[in-house]
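K.L.:
Need the 3D shape of this:
(2 chains)
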Amino acid sequence: MRVLVVEDDRELGKTLCDALDEEGFSPDWAADGRQGLAKALSREYDAIVLDLMIPGIDGWTLLSRLREEKKTPVLILTARDALTDKVRGLDTGADDYLTKPFALEELFARLRSLLRRAATQPAPIVRVGDVTIDLAARRVFKGDAEVPLAAKEYATLEYLMLHRGRLVTRRMLQDHLYDEHDETVSNVVEVYVAALRKKLGAELIETRRGQGYIVHG
Amino acid sequence: MGESPAGQRSLHWTRSIRVRLMAWYSATLLLLFVGAGFALYFATRRAEFEDFEAHIESRVRALSVALATTSKAVAEFRLPDELARYFERPKPKPAQPPTEDPGERPYYVIWDAQGTVIDASILPSAVPFFAPKPPPHDPHKPRWRDRDIWREAVAAGPHGTFVLVGRSAEGVRRHLQLFLARLVVIGAGALAVALAGGWFLTRQALAPIAKITATAETISSSNPSQRIALDETESEFGRLAGVLNSAFDRLEHALARQVAFTADASHELRTPLTVLIASLDLALRRERSADQYRSTLAQCLATARRMEEVIAKLLALARADAGPTAQPPQPIDLAEVVRDVAARLEPLAQSREVTCTIEAADVQIDGAPDQIALLVETIVENAILYNRPGGTVHVRLAGEESKAVLEVRDSGVGIPAADQPHVFERFYRVDKARSRESGGCGLGLAIAKRIVEEHGGTIGLSSEEGVGTCVTVMLPMATRDPKAIDPSGDA
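P.N.:
So this is what the prediction gives:
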């Protein structure tokens, strides 16, 4: 899942990106409002983590400009904990609000919840055939047996499952699974899909030649 | 004390200004009315009795004249006809005068020197003989006596006789009682009207206070931007409302500044705290290599140092805000302070490849030494930090008239004109990202300004982007300068 982090504090931005990366997200970082807005408008992010007190354009302005064009889920992450700030943030179009300092665990849980809602998938458990994926615990089962997956394998499967019944192109997978620093080797998606088929069964993911992949729900 | 807020708001009735005002007003009015009533009553009473007595005295005189001019012997005296209309007289003269209530009519008795009745009218009762010693200077002036309800005057008449005329005082007394009753009723009525008027007037006069109280309550509880709206701007209450409104203005501004400052301060502290927690949280999520732990620890240390600096600056600001320190101002050699600060900052200047030059005249000021040192250090440090490699910082200290002038000129990046009016505001940063790298948190110049103000001076700044910035501080010079204080000096 591709996430944009708009945070002016260099240390915090770096730490957040490292943590999100370890958790299987693909984070991009923007250090000010202008850069953040440009990135948010030019790419399809799955979620945006937004600080309010940022130079250039402040967080509220960024959010209202973004909302004119896109409905990307936005989680505000800020030191401003006053009730009026929360109300203003949510009313400007944010989907969630978390105050600093925060626990990484909570940030991840809120991001997962945002992503589920964006995929109109409120339940954290998704079943397709005999494969079960627990989006909250990030665990995958075939029948009753848990199948261990690498972070990127899981991210690929999660994206396909959340968009099940719909065609997912290779481009979409690349955009959502890898951040801007990843070497986008052309066949990397095929490698992960092949690994998933090997672990979970060949019939789970169907290939549409020349178009992409589809998981039938 | 110990009262609930609601208890303080609802006034006990005995403490109400209106009630107290009315109490004083009523007491004064009552005193005035009772006093006036008494005076009026006694004056009337005196006039009535004088009238009554003059009446009787004139009868005594008439009888005496009749006695003196009678053609018969005194023992044979009969009341002449011209006086008969004044008295009720038994037709034939009886041996003993008959007794009968004469009502309001006067009666008389004439005795000879032995107390034998010579003549009398119908009497209310047997009138005992009364032969007073006549006053020496006026032997015919009557003497008075009160007998039951009757008031009687006795005078020595001609030929050793005594003439008594009496009359019931009941009529006068009844008349006076009626007068008193009317006086009380009219007085009470007037008092009631005056009190009602007073109650109404005090309500009218104190109504603006109720309005002011209501507004002030709203301001303190919910809406700090509300103001007292009084129509009468010229009255005492109008002026009070004006004074209160301007006080509320200042309070609201101070409150807004305080809120902004608190928000900024908490942001400045919370951001590094967030970095600390997030870094440690991330590091502990799984086993890491020694290098990774080392880098996390280094990051945490740098972040903790940043927090330490913000806290130190906030404390300095709070200290400057707290006002003048308890100890009296001390003499400070400003040139020495400048040289000390420059020496302390030399390593920083070298690391930034900035050259510092000093041109310091001998200038003395009075103040708090640590604060003045912090002031000079803040300005010079800024000049070094916001400079370019190979740049210069020139510090000039001079005494001009009664002012110490400190000028710090750098060849740095300069400050955009739009930002210049705001650089002395707390937490204002021209370029947030850049100054964060330089370790600034937007408090340095705000602290400098507070210290300068505390010492009765001024601070200003002129800057051109790309050319450099010049900060000028003016402080009052020390008054114990020998030239200024020594009468034999040329000053």
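K.L.:
For the closest residue to B:Q364 other than its chain neighbours, give me its contacts.
P.N.:
By the measure of Cβ to Cβ, 6 or more residues apart in numbering or on different chains, the closest residue to B:Q364 outside its immediate chain neighbours is B:A478, 4.1 Å from it. C-betas here are computed from N, CA, C, even on glycine. Applying Cβ atoms under 8 Å, 6 or more residues apart in numbering or on different chains to B:A478 gives the contacts B:P331, B:I332, B:Q364, B:I365, B:D366.
K.L.:
sec struct for the residue of the stretch 51-200 of chain B found nearest chain A, please.
P.N.:
Going by Cβ to the nearest Cβ, chain A is nearest to B:F200 of the stretch 51-200 of chain B, at 46.8 Å. Put simply, B:F200 is helix when judged by DSSP: H, G, I helix; E, B strand; the rest coil.
K.L.:
Using TSV, lay out the contacts of B:A478 together with distance to A:A118 and pLDDT.
P.N.:
Below are those laid out as TSV (distance: Cβ to Cβ, whole Å; pLDDT from 0 to 100):
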residue	distance to A:A118	pLDDT
B:P331	69	90
B:I332	64	90
B:Q364	70	90
B:I365	64	91
B:D366	66	89
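K.L.:
Neighbour-wise, which one of the residues you listed leads?
P.N.:
Highest neighbour count within the contacts of B:A478: B:I365, with 24 neighbours (other Cβ atoms under 10 Å in any protein chain shown).
K.L.:
how many neighbours does the residue nearest to B:S121 when sequence neighbours are not counted have?
P.N.:
Using Cβ to Cβ, 6+ apart and skipping residues adjacent in sequence, the residue nearest B:S121 is B:F87, 4.1 Å away. Using other Cβ under 10 Å, B:F87 has 18 other residues around it.
K.L.:
B:T161 too?
P.N.:
Using other Cβ under 10 Å, B:T161 is surrounded by 21 other residues.
K.L.:
Also B:L244?
P.N.:
By the criterion of other Cβ under 10 Å, B:L244 has 17 neighbours.
K.L.:
That one against B:I219, yeah?
P.N.:
No: using Cβ atoms under 8 Å, B:L244 makes no contact with B:I219, being 9.2 Å away.
K.L.:
ok, now how distant is the residue of the stretch 51-200 of chain B closest to chain A from B:A207?
P.N.:
To B:A207, B:F200 is 11 Å away according to Cβ to Cβ, to the nearest Å.
K.L.:
Low-confidence stretches in the chain?
P.N.:
Here I'm looking at chain A. Counting by pLDDT under 70, the ranges of chain A that qualify are A:121-122, A:180-186.
K.L.:
meant chain B actually
P.N.:
In chain B (pLDDT under 70), the answer is B:1-11, B:90-95, B:232-233, B:322-327, B:429-441, B:479-491.
K.L.:
I'd like to know how far the residue nearest in space to the middle of it sits from chain A.
P.N.:
By Cα atoms, centre = their mean, chain B has its centre lying nearest to B:L240, at 10.7 Å. Computed as Cβ to the nearest Cβ, to the nearest Å, the B:L240 to chain A distance reads 33 Å.
K.L.:
was I right about that residue contacting B:I212?
P.N.:
Yes: here B:L240 reaches B:I212: they are 7.0 Å apart, a contact under Cβ under 8 Å.
K.L.:
So A:E203, which state does it fall into?
P.N.:
coil.
K.L.:
Skipping its backbone neighbours, what lies nearest it in space?
P.N.:
A:G129 (7.4 Å).
K.L.:
Also B:V184?
P.N.:
Take B:V184 and drop its neighbours on the chain: the residue closest to it by Cβ to Cβ, 6+ apart is B:G37, 7.2 Å away.
K.L.:
For that neighbour, list the residues it contacts.
P.N.:
Neighbours of B:G37 in contact, by Cβ under 8 Å, 6+ apart: B:L183, B:V184, B:G187.
K.L.:
in what helix or strand does it lie?
P.N.:
Using DSSP states H and E, the element containing B:G37 is helix B:17-69.
K.L.:
Work out the gap between that helix and the centre of the chain.
P.N.:
Between the centre of helix B:17-69 and the centre of its chain there are 46 Å (Cα atoms, centre = their mean, to the nearest Å).
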